[in-house]
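S.K.: Take a look and give me a structure for this.
(8 chains, ligands or ions: 10)
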Amino acid sequence: MYNLKTARLMTGNDAAAYAVKQSDVDFISAYPITPQTIIVERLSEYVASGELHAEFVATESEHSALSACVGASLAGARAFTSTSSQGLALMHEILYVASGLRCPIVMAIVNRALSAPLNIHGDHSDVMGSRDAGWIQIFAENPQEVYHYLIQSFRLAEHPDVLLPVGVNLDGFTVSHSSEPVEVLEDSVVKEYLPRNERPRLDYYSPATFGAFALPTHYFEFKVEQDKTLRKAGEVLDEVAAHYPSPEGRLRKIDKFNEDGRIAVIIMGGTTGTLRYAIKSLRFRDFSLISLKLFSPFPSRELVEAVSDADAVVVMDRSMSPGAPLHPLASNVATSLYEAGVSVNLISVVYGLGGREPTIKMVLEMFEKVREIARGGGKRLSRLFLGYQGDGL
Amino acid sequence: MYNLKTARLMTGNDAAAYAVKQSDVDFISAYPITPQTIIVERLSEYVASGELHAEFVATESEHSALSACVGASLAGARAFTSTSSQGLALMHEILYVASGLRCPIVMAIVNRALSAPLNIHGDHSDVMGSRDAGWIQIFAENPQEVYHYLIQSFRLAEHPDVLLPVGVNLDGFTVSHSSEPVEVLEDSVVKEYLPRNERPRLDYYSPATFGAFALPTHYFEFKVEQDKTLRKAGEVLDEVAAHYPSPEGRLRKIDKFNEDGRIAVIIMGGTTGTLRYAIKSLRFRDFSLISLKLFSPFPSRELVEAVSDADAVVVMDRSMSPGAPLHPLASNVATSLYEAGVSVNLISVVYGLGGREPTIKMVLEMFEKVREIARGGGKRLSRLFLGYQGDGL
Amino acid sequence: MRQQPSMLIPIVFEAGNSAQRSMANWRSNKPIIERNQCTNCLICWIFCPEPAIFMDESGNVQIDYEHCKGCGICAEECPRKAIKMVMESV
Amino acid sequence: MRQQPSMLIPIVFEAGNSAQRSMANWRSNKPIIERNQCTNCLICWIFCPEPAIFMDESGNVQIDYEHCKGCGICAEECPRKAIKMVMESV
Amino acid sequence: MLFELLMLGRGGQGVVTAGRIFAEAALKSGLFSQSFPEFGPERSGAPVRSYVRISDEPVMLRAPIENFDVAVVFERKLLDHRLVEMIRSGGLIVVGSETPVEFARSDIKWFYVDARKIVEELNRPRSINLAMLGALCSVLHLVPLNNVEEIVRRRFGEGNAEVVRRAASRVVEVEAAA
Amino acid sequence: MLFELLMLGRGGQGVVTAGRIFAEAALKSGLFSQSFPEFGPERSGAPVRSYVRISDEPVMLRAPIENFDVAVVFERKLLDHRLVEMIRSGGLIVVGSETPVEFARSDIKWFYVDARKIVEELNRPRSINLAMLGALCSVLHLVPLNNVEEIVRRRFGEGNAEVVRRAASRVVEVEAAA
Amino acid sequence: MMQVSKLTDLYGREGLSPGHTACQGCGATIAVRQVLLAAEPPYIVVSPTGCLEVVSSQYPYTSWRVPWVHVAFENAAAVASGVEAALRALEKKGLGKRQKVIVIAGDGGTFDIGFQALSGAFERGHNLLYICYDNEAYMNTGIQRSAATPLGATTTTTPTGKLEMKKDITSILVAHGSPYVATASPHLWKDLANKVRKAQSKEGPTFLHIVAPCPRGWYFDSHLTIKVAKLAVETRIFPIYEVEHGRYRINYPVPRPRPIEEYLKLQNRFAHLLKPENAHILEAFKQWVESRWNHLLKMAEAFPL
Amino acid sequence: MMQVSKLTDLYGREGLSPGHTACQGCGATIAVRQVLLAAEPPYIVVSPTGCLEVVSSQYPYTSWRVPWVHVAFENAAAVASGVEAALRALEKKGLGKRQKVIVIAGDGGTFDIGFQALSGAFERGHNLLYICYDNEAYMNTGIQRSAATPLGATTTTTPTGKLEMKKDITSILVAHGSPYVATASPHLWKDLANKVRKAQSKEGPTFLHIVAPCPRGWYFDSHLTIKVAKLAVETRIFPIYEVEHGRYRINYPVPRPRPIEEYLKLQNRFAHLLKPENAHILEAFKQWVESRWNHLLKMAEAFPL
Ligand SMILES: Cc1ncc(C[n+]2csc(CCOP(=O)(O)OP(=O)(O)O)c2C)c(N)n1
Ligand SMILES: Cc1ncc(C[n+]2csc(CCOP(=O)(O)OP(=O)(O)O)c2C)c(N)n1
Ligand code: SF4
Ligand code: SF4
Ligand code: SF4
Ligand code: SF4
Ligand code: SF4
Ligand code: SF4
Ligand SMILES: [Mg+2]
Ligand SMILES: [Mg+2]
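M.R.: Ligands and ions are numbered 1, 2, ... in the order given. Next up, the predicted model:
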């Protein structure tokens, strides 16, 4: 996986900033928020030191940061932003506009819980709360993936058949602040991988109107077209990844681990590593792991294929959809299974809210519990909390 | 249904403003946006004329409007706001805070499509885009329901076992701007129905700290508690409705029509009326209709019960979850069916985006098409668009 | 520089194409320039909201009735009172 | 007026309860008042960020070592130089 | 029975109000009704539509009205072929005009009323909509003229009620050419 | 092999940097490593933790570190019973202190180093963290002192490398009382 | 910068096409036309949501003959910041050319919901010209109060008249340290045109505040738009001045102001102010006009241009 | 309003408890303590997200002995508007009592992301006192640039020093027509205390801008906090003045200012400014101080209190 000779120790945030620098972005606009801030700080340093030729606009809010990116993107620039939690929530309105105007903006989303109560730690509520905004959403497990996925995101976003914004998610603190070995590509290799494509832009000499107003006579078609394009982006992703110069770094929709395990666990983000460790080193060989790298467009087919034979399927959500039948990821999985006519013993687990990162002990207990449920068979859906200390639900 | 002698002609917006006036709110803060604006205008008139004793704060944005409501609610006031589309999106961050701080705010959401492209007409993208925010979400079909549901919402929101914000949704223009007969209660009856309950509030003489900062040690429990409360609110709703002085106006989670129909159609909001008409007057007696009044907490059990014997179940979404396996309502239904182990022929229909209100002709065509699919049997999930004029998906 | 994408995107590439739209049925009153009083000073033009006033090849100021909405500003502001507003027949 | 709800809500009802928390291990340097130089003028108190300075029953200004973080402002600002900062042993 | 009606005028002429008054009058006369404007941004001068449904049972239908039994067109200038096509056979149309209106369909009844003249006579330049309402009631016989007059009087005063009445008396049927 | 380490100091003392340098040095010596701070708002003066994992295979684990093989405590004052309990049997602890530290567990090795004195001697008041690193390397034998010294020299200059070396030479093992 | 001195200097430079759907006699449209006639290419226009946006960009039509972008209601200045900085970056890399960015926004999008983005852009010092066409209310949504609505004016959210004063946006932007802040009226087209050019020629963020009477929202007959603008100026209600780096010049002195009632009585939104029972509001209105004018005189004296 | 004249007038009125988690020597905390010691009950405090909020309200603890609410980062003034208006409504209905609303916010929450809410609340004229403790950067997230960061200061987002001037928030709020706008420093505790009371006693929205040195973010030793505040005032970098209804009074004249370098050299964020190659930035900094001071003198002359 790593070549220790060439690897550097980088946090997820470091890796993000480095990837963005190498991607030769033209424009960055962002607003500080924990735990994302370091990305922005590093990028300001790169710009100040001349290592990165870009304009860095420190707006007065995240709403403005994304708005500025939309403006920059429509002006033809390669634009980047990053945020977390309240910042993403404040951008909410503009997230839809960015995708609707087909701006290939790339954003690092350093996932963090949403207020109230205020909490600065990791969970996926922020990005899940905007999951209808029409962005491509990618989840990285560790700083190395953050690096690779960000670079591929620019190519994906700017692909003429896509022109959609991409979010690259990394868990707040546990990935963003964890220093780990990261191998990077040569600047020139990245540059070559990211050619500049033409696309419509604001220009006095060929004036066009961006952001027109659409009556009921036109709106529906725009939106369906956008959805179609997003779904197709899954295929483009495969192509974009296939060209990525680092074969191990190629972005796949799902990544399977210990495929022979009879109990499949579906999860996204940093905690995957802990499960890998538990399965491999603590000998939970009856568990297979499905690390979902692409949340949107949701790879239903691949997922169903991967789990249809399992004795039980555990879906781990790091957010809740309060009042809904199930939480975002589990609901997507259940729906996919329903559509495929596959019926498995499904176990929905909510974990890690507000930064309660699962300990080894918690994971082991969960695995035991899941085994029990799997042995029990029959039941179509169970709900568990991992690490929750109140009285059960 | 109506007593024509006492009914008045009111639009959905009129009915909303009238209900809010009778509910004796103390505080209103809102920002104009089409098609919601009229509610705010009417309320300003009621306040100006002295018919309503409330402070009306015309903030400089929706973000501030909801923030002001949070402040007012924590100060002990009965607070109301209303918005649509971009306004709701701009409130996004504070929606979560309002529920997290357990503010019993009531909001009328006059549903409208989200930009880009800008469109001022009806669809449910706005509210669906915030469906994880932990609010109770109610959908009204017509001005009469808007009236009844708003009054019941205040009692539900302020119930000591609930203390959560409530959104009452009405379709932009087709309900908000359609003048129809509405029967109203006496002022005194409403007043009696809405007693003032004590709850913690900002007060110098018993100082407390609201909106504290929660570390990973506490956050998870707060959030699970909030979700639990939201789920329980379904039961409280039954109780609150049972006491409502107008028996026909009582809010039920789902409302069934022509129950004997073999093909069940699940839908929310104004277009329900058109389907009722089609089934009743145009003799599509093989269709039964399930008008969902409560979207959150989602009444999975009641819904599954209602459709488990159907030959086919049509779920009509007036919004999309781009890139997701299914759109919000259909996904909730599929998940509920999966959980219940019920397997039916499911047909997901997306309709009415950006105000493309289904015509009779469209509905008839859809019914024919659905019949065909139902006759075909077997298939677990089909996807249709209603009124979309591009090439199919 | 620009490459028009094959996808349906809410961009209008044909600048100023609203001129293709007739606004004539917005009008209840019709401005009529009395040629002999008009000095072609362009005052009416600078104040027309549409604009529905133009100079023809011979340098005469004219009304574009496809776009004039009949607001009456030109008539009001013409320093020579060279424009009359005439009610359209109903 | 207030009714404390049975639910878990992120409200703290016990005003000022952070005083229950000891901050002593934040401190590397310890302020010591030299009693005989101190006029109990309260200058140190008005500038203490915690506050970790109080007047005892006999009207003497004292340091609250459970809450003093050792910033040294009091020593710096005491007009009588009555406070010394002493390094805590490690 | 389900009866559908279109009103077409221009921004500032009170088209929406007219629809609503008609629906209210229907309600007062014991019929169920619904009235809604053409949805969209309103600008002074722009053509504006308003719709009314009247029925003997509650109106649940919320579909756009694509065909109608009656059209009320405030100014002849706004009439166009497509609109005339949308009137159901057996229906009728009332047009605000000084002169009889030419027409292409003989399966509907044509009326005209010089609404502008009436409001000028009565010095109510903003009451074109009320004149059209008066004319409509007098030829449609669905909602009693009295009810409309009553609502107008209550809301806009006797002078405007007179507009309604006068228009009702002045509306003229156009003889079919065919 | 999976080795877990805690560093505990106070905001402003460079606890996080120390962890990171140690992880980097491990990487340079051919081991996989991971370092992460205690997550949360940082305030000057507040106790701060930093963690390091070192392994001969890639470190995937991302769980909080609840028990550790080694603890490095920058100031004796920060030591508490609970922390000592969390050290794995056979592990070791290095404490910044002028004097030998009392302790309750004899199944771990105890070391102390007068880091404050060293940084005072060398006039590097902000380099307590580097002194603790030096002491750690000299007693742990997992990551060569050289590697740490090298990184410190490159990043903070020779003066600070001297801090590392001097601390390495001054760290003292406490003889078990039992 | 080429001075505009006659109408033929502007003729033929149309940036807005007819066929937009503004109301008859819309003052905003007149103002915007004049701005575009004056502006020197190349430039890019950014607008927030509002009347102007809605009437000019109804897909598949556009009235814009120049590049134009609308993103949302509250962020025109932020979008403009992005466009401006992006073009700067692209130019440095040889991937594009700088073009002046001009925001054209309503009062709601400027004084209220877009104010923070505006303030932020000015603080950061972007090279852009921000123009507010001020019709003193949210017209697009049907005439609701904005911070620009004057004391006493009725709107649908102030049915008995607004209780607060109009926000003094120009002074606020002067306090932001802008190199050029000015006011203008479409009836003084030459002054307006030259101010557009002057503002455009400065480096840094400049601001132009244009009175834009709205027949629909102010309730006057559509032929009176220019008259009303003129009266706003000649009653001293809307002073015409400019401020360069904090130094003031009154461009249109108004030594003998017309009576304020002349202005008010044309507009139904002020009808109630002329009733005897509201004399105190009228008085407050007059005082406001006077005190602002006097303040302006004093500033022009203390900090002359 | 009771004048504060000696420390015993304040002793025993503590609104903030110890046990908060602010850094050693935090200037913001000193300022806030002084505000609460002075404020007259009954009142309610609203704070946005920021250092103050995070250090004082870590569940299940609170350092607030007075009612306090935090909702988000950008909306303190809007929340305060809601509280204020709600209490007014409840009082009218006999369901509650009016209490003064005091916002205490950082510079980021005031100058930047919360500026629109602030401006809106002032425009609407709510009866509230808004206090900004200005530590000249986003400290809670680790020292990033804000509009309050002075020219030349390094932050983590301006690694080579900020290029723009500090936003002149007081002038901007004066331009909002506030009845009372003032500045204060914790080293002048009496002036500060009396300004809190004066501001509180006015009807309408008032503003108090307090310099709050931050040892962590300005890089100075924690015992110097009060010294640094004093130097800010005595170098004329942070003038102490008040503006009542547009009329100015300089409360602390500083006839012989201390050299600006004295202030700068204490703080590592300015270290580079003292290097010869940055002399031009230092010069610009000095000019900014001088021109603001002169402007203030002129205003005090033209519009004396
Ligand atoms: C976030 C948001 N809130 C509200 C609206 C609705 N809205 C659109 S335009 C507008 C008013 C515009 O007022 P102004 O800026 O003064 O421009 P005008 O229409 O008067 O020209 C409003 C309230 C919106 N589009 N977005
Ligand atoms: C919408 C949003 N964006 C960003 C943040 C992150 N954030 C919290 S506090 C803060 C800075 C606060 O700065 P300031 O107001 O100056 O207060 P200080 O911390 O300096 O006391 C930031 C950027 C947030 N909480 N919410
Ligand atoms: S203003 Fe009058 S004179 Fe001048 S061009 Fe127009 S019509 Fe002719
Ligand atoms: S009437 Fe109005 S729209 Fe027509 S030409 Fe004259 S100014 Fe232009
Ligand atoms: S400042 Fe000095 S003299 Fe005054 S009370 Fe404190 S220690 Fe005593
Ligand atoms: S050292 Fe600082 S915290 Fe301790 S008492 Fe003195 S001023 Fe207060
Ligand atoms: S409402 Fe006013 S500003 Fe808007 S288009 Fe009509 S006249 Fe112009
Ligand atoms: S960072 Fe600065 S403002 Fe924040 S707590 Fe520390 S000293 Fe106070
Ligand atoms: Mg406006
Ligand atoms: Mg700050």
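S.K.: what stretches of the stretch 51-200 of chain G score poorly on pLDDT?
M.R.: Scanning the stretch 51-200 of chain G for pLDDT under 70 picks out nothing.
S.K.: In the lengthiest helix in chain A, which of the residues would be classed as buried?
M.R.: Using DSSP state H to define each element, chain A has its longest helix at helix A:219-242. Of all the residues in helix A:219-242, those buried under the rule 16 or more other CB atoms under 10 Å in any protein chain shown are A:219-231, A:233-234, A:236-237, A:240-241. From N, CA and C alone the C-beta is placed, and that goes for glycine too.
S.K.: Does anything pack onto it? Which helices or strands?
M.R.: helix A:85-100, strand A:136-139, helix A:143-158, strand A:294-296 (3 or more CB pairs under 8 Å, 6 or more residues apart in numbering or on different chains; DSSP states H and E).
S.K.: one more time with 6 Å
M.R.: Using 3 or more CB pairs under 6 Å, 6 or more residues apart in numbering or on different chains; DSSP states H and E, the elements in contact with helix A:219-242 are helix A:143-158.
S.K.: So for the helix it packs on, mean pLDDT?
M.R.: The average pLDDT within helix A:143-158 is 98.
S.K.: What residue in the stretch 101-250 of chain G comes nearest to ligand 6?
M.R.: G:Glu123 (34.9 Å; CB to the nearest ligand atom).
S.K.: That residue is in contact with H:Ala147, isn't it?
M.R.: Yes. Using CB atoms under 6 Å, G:Glu123 makes contact with H:Ala147 at a distance of 4.6 Å.
S.K.: Just want to know which of the two has more residues nearby.
M.R.: Using other CB atoms under 10 Å in any protein chain shown, the more surrounded residue of G:Glu123 and H:Ala147 is H:Ala147, with 27 against 24.
S.K.: returning to that earlier point: could you pull out the residues contacting both of G:Glu123 and H:Ala147?
M.R.: H:Lys167 (CB atoms under 6 Å, 6 or more residues apart in numbering or on different chains).
S.K.: Could you count how many residues lie near the residue of the stretch 101-250 of chain G found nearest chain A?
M.R.: Closest approach between the stretch 101-250 of chain G and chain A, counting by CB to the nearest CB: G:Gly120, at 3.3 Å. G:Gly120 sits with 27 neighbouring residues when counted by other CB under 10 Å.
S.K.: leaving aside the residues next to it on the chain, what's closest to it?
M.R.: A:Glu60 (3.3 Å; CB to CB, 6 or more residues apart in numbering or on different chains).
S.K.: again with A:Lys369
M.R.: A:Leu384 is the one closest to A:Lys369 (CB to CB, 6+ apart), at 6.6 Å.
S.K.: CA atoms of the strand or helix carrying the one you found as CSV?
M.R.: When elements are assigned from DSSP states H and E, A:Leu384 belongs to strand A:381-386. The C-alpha atoms that make up strand A:381-386 are tabulated as CSV, following Å, rounded to 0.1, in the frame of the first residue of the first chain:
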residue,chain,number,x,y,z
LEU,A,381,-34.6,-5.3,10.2
SER,A,382,-33.0,-4.7,13.6
ARG,A,383,-31.8,-1.3,14.9
LEU,A,384,-28.8,-0.8,17.1
PHE,A,385,-26.8,2.1,18.5
LEU,A,386,-23.1,1.8,18.8
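S.K.: And it, what's buried?
M.R.: A:Leu381, A:Ser382, A:Leu384, A:Phe385, A:Leu386.
S.K.: What strands line up against that strand, and which way round?
M.R.: strand A:346-351 (parallel) (DSSP bridges).
S.K.: The strand it pairs with to helix B:219-242, inter-axis angle?
M.R.: 120 degrees (axes from the mean of the first three to the mean of the last three CA atoms, to 10 degrees).
S.K.: Might you report the residue contacts of the residue nearest the centre of chain E?
M.R.: Computing the C-alpha centroid of chain E and ranking residues by CA atoms, centre = their mean puts E:Val72 first, at 3.8 Å. By CB under 6 Å, 6+ apart, the residues touching E:Val72 are E:Met7, E:Val94, E:Met132, E:Leu136.
S.K.: What residues are bridge-paired with the first one?
M.R.: What it means is E:Met7. Judged by DSSP bridges, the bridge partners of E:Met7 are E:Ser50, E:Val72.
S.K.: what about it, how many residues close to it?
M.R.: 31.
S.K.: now the third one
M.R.: When counting by other CB under 10 Å, one arrives at 32 neighbours for E:Met132.
S.K.: Out of the buried residues of strand A:381-386, which comes closest to A:Ala89?
M.R.: A:Phe385 (23.8 Å; CB to CB).
S.K.: Would you confirm that the closest one contacts A:Gly352?
M.R.: No. Counting by CB under 6 Å, A:Phe385 stays clear of A:Gly352, with 10.1 Å between them.
S.K.: What are the phi and psi values at G:Pro150?
M.R.: Backbone dihedrals for G:Pro150, given as degrees, to the nearest 10, come out at phi -80, psi 160.
S.K.: Could you report the neighbour count for it?
M.R.: Neighbours of G:Pro150 under the rule other CB under 10 Å: 21.
S.K.: Now A:His327. Nearest residue, chain neighbours left out?
M.R.: A:His327 sits nearest to A:Asp317 (CB to CB, 6+ apart), 3.8 Å away.
S.K.: Now do the one you found, the pLDDT please.
M.R.: For A:Asp317, pLDDT reads 98.
S.K.: who's it bridged to?
M.R.: Under the criterion used (DSSP bridges), A:Asp317 bridges to A:Val350.
S.K.: isn't it right up against A:Tyr351?
M.R.: No. Judged on CB under 6 Å, A:Asp317 makes no contact with A:Tyr351 at a distance of 7.4 Å.
S.K.: Between the two, which is the more surrounded one?
M.R.: Shown here are A:Asp317 and A:Tyr351; by other CB under 10 Å, A:Asp317 has more neighbours (28 against 23).
S.K.: residues in contact with the more buried one?
M.R.: A:His327, A:Leu329, A:Ala330, A:Val350.
S.K.: Looking at chain C, which residue is nearest chain H?
M.R.: C:Pro10 (27.7 Å).
S.K.: how many neighbours does that residue have?
M.R.: C:Pro10 has 26 neighbours, counted by other CB under 10 Å.
S.K.: now swap in the one 10 residues further on and tell me
M.R.: When neighbours are defined as other CB under 10 Å, C:Gln20 has 11 of them.
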